[in-house]
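K.L.:
My questions are about this predicted structure, shown below with the sequence.
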Amino acid sequence: MSGSAVAVADLHYSYPDGVAALRGASLTADPGEAVGLLGPNGAGKSTLLLHLNGILGSNGSVSVDGAPLSPANLPAIRQRVGLVFQDPDDQLFMPTVFDDVAFGPRNLGHDSATVEARVRSALATVGMAGTESRPPHHLSVGQKKRVALATVLVMDCSVLVLDEPTAGLDPRGRREIIDLLQSLPQTKILATHDMALAWELCQRVVILDEGQVVAAGPTRDVLRDEKLLAQHGLELPALLGHSGATGCVLLQSAFLTAGENWHGNCDG
Amino acid sequence: MTADAFEQYVPGDSFLHRAAPVVKVCGAGAFILCVVLCPASSWPRSVACASIPLLAALAAGVPGRWMLARVAVVLPFVLLAGASLPFVAGRPGEALWQVPGTTWAVPLSAVELFASILLKSTLCVLAVALLLATTGFHRLLGALQLLRVPALFVSLLCFMYRYLFVLWDETVRMTRARNARAPRQRPLERLRTVGHMAGSLFLRSYERAERVAHAMVARGFDGTMRLTEQSAGSAAQWLAVGGFTAACAAMVVWR
């Protein structure tokens, strides 16, 4: 699809043991858009993300900013698509924060002055300036997640692909990551089980189940469909429940008595 | 829950801390060669060798307790290797001590050899510990790269250092989970559980290695590990380490 930041069409992928992970999955994201990829465990979300910068290859097509994924333009696409893994200990493999954030720009062949300037700028963007010489194992999970984000922002990518960006974080760490993601102008595709995150951050969501896209549309339309969510092993968190009578999503506060639910976000 | 026990850097601002890592690696290498090549029976030389790391540690402000803890890690291996010497290395007729009621005697030369091995290995460990304490592991890797140590070997050391902490944390978590569910296992059962835990740890590490490889490829890894370039050292530093190496060589060849 021309004009899309990311266009994935009819992806099929089976793991070496024969398990089919993707069975004709398709996805698009417009420039600057945030798209949530929802689905139960084993739906194929992470496998789909690994296709977006050519780590896994299969039948079907992937294009980024109109350029199809091919061996010839793989380096350019890997620069454009920044992939952030769920476990920051997988993403941060170098002995210091500086070396880790510098890993990508060094592979792109930048000189050391440019690398240093980029690393400092990326770390400042994620609020981790001053941690350059620290080893990753001295950081908290929230700090590791921020540095992991810096490792791809430093590549000057136009698309951020995030696997469970809020997993394992305490409420403050989660809030900081959400605010940070909201402040970034890049196109975002994020696989998550955090429905409140999808509600807050994504303009559109796609539900993937058994390797196929089973629903796609504006976040607030899809997430209001209680039956659809239940069919695919999803549900809104208790504080973000449904009201059968009004069809609105309610923000229920534990501090309000029953029947005093605050009707928020009814207009989407 | 991180394994701070593996942390080797002791912050400071001594001349050893400030010296370029590559210069320090060469100095430590020269010292280790000198210790290994010095004749076992020359005690004045041994004393001179022993004073070098001790004075250097004093100058760098590395605590004695810290140094002893590093030596303690390798001591059991040295003792194990040395324990067999009295049985194999003796010459007849030079017994230091006759075991009462037996014909077996501890030969003097074997005891000397054992003491020499103990001293030499302790000094080598002290030199490496001091190098790490004043350099830090990641800067040491940069120095090895500068010395053209094979890239694959440097990459292996780099990953080993990074994931030692992750693996240790996983081991601690698994051990806690085991203790929570089986606080009083019999030794044999415990051994079996440890076997399962080791297998599980291996599988988890294997899967993690695959994910790490994906993360590297995603950021343009082409097979070359590019670490922060380390300083090549000033002329004065090279002159100093050159003098030190010459002194070490003189100690080896002096008769």
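P.N.:
Happy to help now that I have it.
K.L.:
Would you tell me which residues of chain A are close to chain B?
P.N.:
Selection of chain A residues close to chain B by C-beta under 8 Å from any C-beta of the partner chain yields A:50, A:53, A:55, A:75, A:78-79, A:82-83, A:85, A:87, A:89-96, A:98-99, A:102-104, A:106-108, A:112, A:135-138, A:151-152, A:155. The C-beta positions use only the backbone N, C-alpha and C, and glycine is treated the same way.
K.L.:
So how do I select the buried members of the residues you listed in PyMOL?
P.N.:
A single PyMOL command suffices to select whichever of the residues of chain A next to chain B are buried according to 16 or more other C-beta atoms under 10 Å in any protein chain shown:
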select buried, chain A and resi 50+53+55+78+79+82+83+85+87+89+90+91+92+93+94+95+96+98+99+102+103+104+106+107+108+135+136+137+151+152+155
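K.L.:
which ones among the residues of chain A next to chain B are found in helices?
P.N.:
Within the residues of chain A next to chain B, residues falling in helices by DSSP state H are A:50, A:75, A:78-79, A:89-91, A:98-99, A:102-104, A:106-107, A:112, A:151-152.
K.L.:
neighbours around residue B:112, how many?
P.N.:
16 (other C-beta atoms under 10 Å in any protein chain shown).
K.L.:
show me the contacts for it.
P.N.:
B:40, B:41 (C-beta atoms under 8 Å, 6 or more residues apart in numbering or on different chains).
K.L.:
What distance do you get for it to residue B:39?
P.N.:
11 Å (C-beta to C-beta, to the nearest Å).
K.L.:
same check, this time on residue A:220
P.N.:
Residue A:220 is 84 Å from residue B:39, by C-beta to C-beta.
K.L.:
more crowded one of those two?
P.N.:
Under the criterion of other C-beta under 10 Å, the comparison of residue A:220 against residue B:39 puts residue A:220 first, with 18 against 11.
K.L.:
Give the buried residues for the helix or strand harbouring the more buried one.
P.N.:
Here residue A:220, judged by DSSP states H and E, is contained in helix A:219-223. Buried residues in helix A:219-223, defined by neighbour count with 16+ other C-beta under 10 Å: A:219, A:220, A:222, A:223.
K.L.:
Other residues contacting that helix?
P.N.:
Helix A:219-223 is contacted from outside by A:36, A:195, A:198-199, A:202-205, A:207, A:215-216, A:228-229, A:236, A:249, A:265, A:268, using C-beta under 8 Å, 6+ apart.
K.L.:
What's the PyMOL line that selects buried ones from the residues you listed?
P.N.:
Buried subset of the contacts of helix A:219-223, written as a PyMOL selection, criterion 16+ other C-beta under 10 Å:
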select buried, chain A and resi 36+195+198+199+202+204+205+207+215+216+229+236+249+265
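K.L.:
Filter the contacts of helix A:219-223 down to the ones in helices?
P.N.:
A:195, A:198, A:199, A:228, A:229.
K.L.:
out of these, who's nearest chain B?
P.N.:
Taking C-beta to the nearest C-beta as the measure, chain B lies nearest residue A:198 of the ones in helices among the contacts of helix A:219-223, at 23.1 Å.
K.L.:
mind listing what the closest one touches?
P.N.:
Going by C-beta under 8 Å, 6+ apart, the list of residues near residue A:198 reads A:36, A:38, A:190, A:192, A:205, A:219, A:223.
K.L.:
Show me which pair in the residues you listed is furthest apart.
P.N.:
A:190 and A:223 (14.6 Å; C-beta to C-beta).
K.L.:
how many other residues sit next to the nearest residue to residue B:134 once chain neighbours are set aside?
P.N.:
Excluding its sequence neighbours, the residue lying closest to residue B:134 (C-beta to C-beta, 6 or more residues apart in numbering or on different chains) is residue B:16, at 4.3 Å. By other C-beta under 10 Å, 20 other residues sit near residue B:16.
K.L.:
starting at the chain centroid, how far to the host helix or strand of residue B:16?
P.N.:
Secondary structure from DSSP H and E places residue B:16 in helix B:15-18. Counting by C-alpha atoms, centre = their mean, to the nearest Å, helix B:15-18 is centred 20 Å from the centre of its parent chain.
K.L.:
Residue A:44 reaches residue A:208, doesn't it?
P.N.:
Yes - applying C-beta atoms under 8 Å, one finds residue A:44 in contact with residue A:208, separated by 5.6 Å.
K.L.:
shared neighbours, these two?
P.N.:
Applying C-beta under 8 Å, 6+ apart, one finds that residue A:44 and residue A:208 are jointly contacted by residue A:25.
K.L.:
Tell me if stretch B:18-33 is near chain A.
P.N.:
No - if you take C-beta under 8 Å from any C-beta as the test, stretch B:18-33 misses chain A, and the best it gets is 13.0 Å.
K.L.:
The stretch 101-250 of chain B against chain A: which residues are in contact?
P.N.:
Counting by C-beta under 8 Å from any C-beta, the stretch 101-250 of chain B sits next to chain A at B:137-138, B:141, B:158-159, B:161-163, B:165-166, B:208, B:211-212, B:214-222, B:226-229.
K.L.:
pLDDT of stretch A:116-129, averaged?
P.N.:
Model confidence over stretch A:116-129, given as mean pLDDT, is 95.
K.L.:
buried set for it?
P.N.:
Buried-residue list, stretch A:116-129, by 16+ other C-beta under 10 Å: A:116, A:118, A:119, A:120, A:122, A:123, A:125, A:126, A:128.
K.L.:
of all those residues, which two lie farthest apart?
P.N.:
By the measure C-beta to C-beta, A:116 and A:126 form the most distant pair in the buried residues of stretch A:116-129, at 16.5 Å.
K.L.:
For residue A:166, grab the count of nearby residues.
P.N.:
Residue A:166 has 23 nearby residues by other C-beta under 10 Å.
K.L.:
What of the one 3 residues further on?
P.N.:
One way to gauge burial is a neighbour count; for residue A:169, by other C-beta under 10 Å, it gives 19.
K.L.:
do the same with the one 3 residues further on
P.N.:
Around residue A:172 sit 9 other residues, with neighbours defined as other C-beta under 10 Å.
K.L.:
For the chain, which segments are assigned as strands?
P.N.:
Because you didn't say which chain, this covers chain A. A:6-14, A:20-29, A:34-38, A:59-64, A:67-68, A:81-84, A:159-163, A:187-191, A:204-209, A:212-218, A:240-242, A:249-251 (DSSP state E).
K.L.:
switch to chain B, that's the one I care about
P.N.:
Under DSSP E, chain B gives strands at B:95-98, B:105-107.
K.L.:
which one of those strands has the lowest average pLDDT?
P.N.:
Taking the mean pLDDT of the strands of chain B, strand B:95-98 comes last: a mean of 66.
K.L.:
What residue in the stretch 1-150 of chain B comes nearest to chain A?
P.N.:
residue B:138 (3.7 Å).
K.L.:
Quick check: closest non-adjacent residue to residue 25.
P.N.:
No chain specified, so I'll use chain A. Here the residue nearest residue A:25, using C-beta to C-beta, 6+ apart, is residue A:11, at 4.6 Å.
K.L.:
Wait, chain B was what I had in mind.
P.N.:
Excluding the flanking residues, the one nearest residue B:25 by C-beta to C-beta, 6+ apart is residue B:143, at 4.9 Å.
K.L.:
Would you confirm that the one you found contacts residue B:135?
P.N.:
Yes - between residue B:143 and residue B:135 there is a contact under C-beta under 8 Å: 7.4 Å.
K.L.:
Give me the common contacts of those two.
P.N.:
Jointly contacting residue B:143 and residue B:135 under the rule C-beta under 8 Å, 6+ apart are B:21, B:24.
K.L.:
which stretches of the stretch 51-200 of chain B have low pLDDT?
P.N.:
B:85-99, B:102-106 (pLDDT under 70).
K.L.:
Please, where are all the helices along it?
P.N.:
B:64-83, B:85-88, B:108-135, B:137-146, B:151-181, B:187-218 (DSSP state H, counting those that start in this stretch).
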